[in-house]
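K.L.:
Starting from these lines, generate the structure:
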Amino acid sequence: MSKVFYIIIGTFSLILGIIGVLLPILPTTPFLLLTSFCFAKGSTKFHQWFIHTKLYQKHLDSFITNRSMLLKTKICTLAFASTMLLFPLIILDNMFMRLFIIFLYLFKYYYFIFRIKTI
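P.N.:
Purely as a prediction, here's the structure:
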């Protein structure tokens with residue numbers, strides 16, 4: 001049952017990743033990373049198919065092999081994630097949750113700036 005769950009989530013994130021290629025507002029890389037993870041957990045056949053697609057080669061191969069991203073990809077990913085974290089930061093009244101979200105912001109920017117090379 002869990003393999004089917006991974007394949008369903010992987011397929012859904014693949015669709016969102018493809019939409020992200022067409023619409024610059026939606027980031028592609030995080031959804032394709034989720035697709036790769038889910039397909040690897042769910043099915044060897046799906047994972048092998050995915051890593052041989054042009055979509056994977058163009059958007060994920062450099063990140064997976066070299067831990068690097070294009071500057072544009074980094075900016076789009078950070079902007080989308082920051083926007084999504086902004087909603088709970090504004091809506092929640094719990095101070096501990098707000099501090100946790102601020103910590104996520106700081107960690108996310110640290111990780112993308114210092115741990116992932118820019119190409």
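
K.L.:
those helices in the chain, which residues are they?
P.N.:
2-22, 29-42, 44-51, 54-59, 61-66, 71-91, 95-110 (DSSP state H).

K.L.:
Save the ones you listed as JSON lines, and put in mean neighbour count too.
P.N.:
No exception for glycine: its C-beta is placed from N, CA and C like everyone else's. What follows is those, written out as JSON lines (neighbours: other C-beta atoms under 10 Å):
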{"stretch": "helix 2-22", "mean neighbour count": "16"}
{"stretch": "helix 29-42", "mean neighbour count": "20"}
{"stretch": "helix 44-51", "mean neighbour count": "15"}
{"stretch": "helix 54-59", "mean neighbour count": "14"}
{"stretch": "helix 61-66", "mean neighbour count": "13"}
{"stretch": "helix 71-91", "mean neighbour count": "14"}
{"stretch": "helix 95-110", "mean neighbour count": "12"}
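
K.L.:
These: which one's closest to Ile119?
P.N.:
Evaluated over the helices of the chain, closeness to Ile119 peaks at helix 61-66, with 6.4 Å, by C-beta to C-beta.

K.L.:
Could you export the closest one as CSV, keeping only the C-alpha atoms?
P.N.:
Written as CSV, here are the backbone C-alpha positions of helix 61-66 (Å, rounded to 0.1, in the frame of the first residue of the first chain):
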residue,chain,number,x,y,z
ASP,A,61,20.7,16.3,-12.8
SER,A,62,23.1,19.1,-11.9
PHE,A,63,21.6,19.4,-8.4
ILE,A,64,21.7,15.7,-7.7
THR,A,65,25.3,15.1,-9.0
ASN,A,66,27.0,18.4,-8.0
